[in-house]
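Colleague: what follows is a predicted protein model with its sequence.
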Amino acid sequence: VQAVFRSNLSHLLDLMGSGKESLIFMKKRTKRLTAQWVLAAQRLAQKLGATWRDQKQILVHIGFLTEESGDVFSPRVLKGGPLGEMVQWADILAALYVLGHGLRVTVSLKELQSNLGVPPGRGSCPLTIPLPFDLIYTDYHGLQQMKQHMGLSFKKYRCRIRVIDTFGTEPAYNHEEYATLHGYRTNWGYWNLNPKQFMTMFPHTPDNSFMGFVSEELNETEKQLIKGGKASNMAVVYGKEASIWKLQGKEKFLGILNKYMEIHGTVYYESQRPPEVPAFVKNHGLLPQPEFQQLLRKAKLFIGFGFPYEGPAPLEAIANGCIFLQSRFSPPHSSLNHEFFRGKPTSREVFSQHPYAENFIGKPHVWTVDYNNSEEFEAAIKAIMTTQVDPYLPYEYTCEGMLERIHAYIQHQDFCTAPGPAPQGAHAPQSPFVLAPNATHLEWAQNASLTPGAWPPVNSLRAWLAVPGRACTDTCLDHGLICEPSFFPFLNSQDAFLKLQVPCDSTESEMNHLYPAFAQPGQECYLQKEPLLFSCAGSNTKYRRLCPCRDFRKGQVALCQGCL
Ligand code: UDP
């Protein structure tokens, strides 16, 4: 069946159920954004023209909202607790619905069981009836629940699951045996999924799929209006919970900021002013989302104190014409040195509060400075007050961008069909790639045949040999490209090293998430034995990694030029 774009979201609001504070928040958001979604769908429909889109039957099981997993978020919606996850789930539901797919939403174990066809009262029967869904979107909590209650069919159908996973899961942590042997075991588990089945909130490592969320987009009139109405001396602090004001040394930089600007906060409080928030700060208390947006429209500066990490609010601020000022982390925060990241299945090093804002947006919208350096901080404040910026929203965070991306994933990502055999080393009948004319990297040979339906299309492959100690994520970015893990199989051969003129004395095949790689001292080349361990993330000074990179669309890093 062909999927048809939908322009009326009222049925979706019914599907979302009711009762919980979190669902009320999500539904309000969906209602408010309806016009934007509908407009975006019209634009995407025009762009795609006559492209066929399969209609899928989709189950969305939001595990963290179930009582069975403790639902710690719902009671905190009105108290300054994290809202980023709810923003994202609301947007995922809206996108799937607007794209025209068949949708079921569950937020309790009972609903999950009845949708999976598990008879009530039967904890985990070996369910073997056919699964009525082509795709299941869930989170780590939901994954656990499905494993417990789907019995045997969990194994059979796990390739249909997508896990919404804010911070991402790197391949080394996902592979059970490897994680266990090499100290990558975490509380989040080692599910042996295809790493692309994990979907993140920001484009972290391309080992996972980037899901994202949306921010409201302004039209030209609104943009002009906002630019005219800015109070150049008004700052809003990022953070709804009083605890973020406990930061050490904050007196110093808050004092400096207060010399130049009027400081506003939206910190939750019960009856009296939170003692952590200094008296000179105008605290509005936690605001409903539309009122928070209004505050951002007036403000010149949105300032982060270092926590929370990587939420939606800075993107909203920038979209509403604010400049975002944040602290640089030196040394970077990671699971090795920071409580928040400890036990998360990623080795990522975070160099500022909001790496996406720093790396994908940057100046003039985003300023990343050392808050311990008073001169640097003060100079930034002064410069910001006289810097004019236009409201800005990266395409991938618009409704159209999110629809485009999810459309591409749904039509092209397939983790159920076993991949066709990749060309294997010396035995490949015809090597698919050649050394580029400047002898720096490998390119897909013009006359090599393409596997029909392979996605992303392999002719966007550019393979680079990393310098020692550099990860493939960074190596590709160094060349204006993005790492594409699905291309690893094409490089995992002696032939690839040969073509790159790497002098291998010997070649071995082992399980290691850094392979394929070249180890300089022994002139040894290593191939990857376990496809699940192909990883863009990860580095070691011992190795020069062989990295599969590809191009990407401007403002849509998840998709290559030929990906739609
Ligand atoms: N927000 C809100 N009221 C406020 C401050 C923020 O509704 O007073 C919303 C904001 O619009 C954003 C969401 O809270 O969409 C999550 O923001 P944040 O970046 O703080 O991420 P979190 O840590 O909550 O996941």
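Modeller: Nice, I can see it. Numbers count the residues shown, from 1 in each chain.
Colleague: residues contacting Gly81?
Modeller: Phe73, Pro75, Lys240, Glu241 (C-beta atoms under 8 Å, 6 or more residues apart in numbering). Every C-beta, even on glycine, is put in place using the N, C-alpha and C of the backbone.
Colleague: and those residues as TSV, adding secondary structure, neighbour count and distance to the ligand?
Modeller: Formatted as TSV, these follow (DSSP: H, G, I helix; E, B strand; the rest coil; neighbours: other C-beta atoms under 10 Å; distance: C-beta to the nearest ligand atom, whole Å):
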residue	secondary structure	neighbour count	distance to the ligand
Phe73	coil	20	10
Pro75	helix	12	15
Lys240	coil	24	5
Glu241	coil	19	8
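Colleague: got those residues as JSON lines, with pLDDT columns?
Modeller: Converted to JSON lines, the contacts of Gly81 look like this (pLDDT from 0 to 100):
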{"residue": "Phe73", "pLDDT": "93"}
{"residue": "Pro75", "pLDDT": "94"}
{"residue": "Lys240", "pLDDT": "93"}
{"residue": "Glu241", "pLDDT": "91"}
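Colleague: what's the longest strand in this structure?
Modeller: strand 323-333 (DSSP state E).
Colleague: just the C-alpha atoms of that one, please, in PDB.
Modeller: The C-alpha coordinates for strand 323-333 follow below in PDB (Å, rounded to 0.1, in the frame of the first residue of the first chain):
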ATOM      1  CA  ILE A 323      23.000  34.000  20.800                       C
ATOM      2  CA  PHE A 324      23.900  30.900  22.800                       C
ATOM      3  CA  LEU A 325      26.900  31.300  25.100                       C
ATOM      4  CA  GLN A 326      28.300  28.100  26.700                       C
ATOM      5  CA  SER A 327      31.400  26.900  28.500                       C
ATOM      6  CA  ARG A 328      34.200  24.900  26.900                       C
ATOM      7  CA  PHE A 329      35.100  21.700  28.800                       C
ATOM      8  CA  SER A 330      38.700  21.200  29.300                       C
ATOM      9  CA  PRO A 331      39.400  18.300  29.800                       C
ATOM     10  CA  PRO A 332      36.300  17.100  27.900                       C
ATOM     11  CA  HIS A 333      33.600  15.300  29.800                       C
END
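Colleague: does it come close to the ligand?
Modeller: No - using C-beta under 6 Å from any ligand atom, strand 323-333 stays clear of the ligand, coming no nearer than 11.0 Å.
Colleague: and the very next helix or strand once past that strand, what's its mean pLDDT?
Modeller: Once strand 323-333 ends, the next helix or strand along the chain (criterion: DSSP states H and E) is strand 350-352. The pLDDT scores in strand 350-352 average 97.
Colleague: packing partners of strand 350-352?
Modeller: On a contact count with 3 or more C-beta pairs under 8 Å, 6 or more residues apart in numbering; DSSP states H and E, strand 350-352 meets strand 323-333.
Colleague: is it true that Leu295 lies in a helix?
Modeller: Yes - counting by DSSP: H, G, I helix; E, B strand; the rest coil, Leu295 is part of a helix.
Colleague: adding distance to Leu152, write the contacts of Gly81 out as JSON lines.
Modeller: Converted to JSON lines, the contacts of Gly81 look like this (distance: C-beta to C-beta, whole Å):
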{"residue": "Phe73", "distance to Leu152": "32"}
{"residue": "Pro75", "distance to Leu152": "36"}
{"residue": "Lys240", "distance to Leu152": "44"}
{"residue": "Glu241", "distance to Leu152": "43"}
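Colleague: which residue sits farthest out from the middle of the protein?
Modeller: Residue farthest from the centre of the chain, counting by C-alpha atoms, centre = their mean, is Asp505 at 39.9 Å.
Colleague: return the residues in contact with that residue.
Modeller: Counting by C-beta under 8 Å, 6+ apart, Asp505 has contacts Gly522, Gln523, Glu524.
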